[in-house]
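Trainee: no sequence for this one, just the structure:
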């Protein structure tokens, strides 16, 4: 189990649910014992009360259902990943206010060419491209976390292209 990746997603989840006002008991629990912390969030009803249910479900899907807490407490590096996810999500929330269907199409085409909708849907873990079509027609807002995933995909592609360029350049 890669706790660093999981904790990054949990940091995003906490930011999505609470914004800047994380209850102290949640914060203290979740960074040390994430499974127990998510249970506490659920027990309090905070997850259900959130206005971003689609986004919360997308983030929850990134967290393994068999997540177990470490015996002692979460390691410092994984706790750091939690805070990275939390603050990256906050910054991205501010940055994407002007992003929409045009930017989604531009990113999708850069990643996959003209047949980008199906490929992007698959990479984002969506069952089909229907949700992407809703986003393109502005029927639904594109969740912050989707932009985060798209930026990761773009950076991976960029790194792959740079590796190829370095390999073949004279």
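Mentor: It's in. Please read all numbers here as calculations on a predicted model, not as lab measurements.

Trainee: Spit out the contact partners of residue 127.
Mentor: Residue 127 is in contact with residue 121, counting by Cβ atoms under 8 Å, 6 or more residues apart in numbering. No exception for glycine: its C-beta is placed from N, CA and C like everyone else's.

Trainee: Let's verify the spatially most central residue of the chain: helix, strand, or coil?
Mentor: Nearest to the geometric centre of the chain sits residue 145, at 4.0 Å (Cα atoms, centre = their mean). Using DSSP: H, G, I helix; E, B strand; the rest coil as the criterion, the local structure at residue 145 reads helix.

Trainee: Isn't it up against residue 54?
Mentor: No. Look at residue 145 against residue 54 with Cβ atoms under 8 Å: they stay out of range, at 9.5 Å.

Trainee: Counting neighbours, what do you get for residue 104?
Mentor: Neighbours of residue 104 under the rule other Cβ atoms under 10 Å: 20.

Trainee: Show me what the helix or strand hosting residue 39 is packed against.
Mentor: In the assignment (DSSP states H and E), residue 39 maps to helix 34-44. Other helices and strands packing on helix 34-44, by 3 or more Cβ pairs under 8 Å, 6 or more residues apart in numbering; DSSP states H and E, are helix 3-18, helix 24-30.
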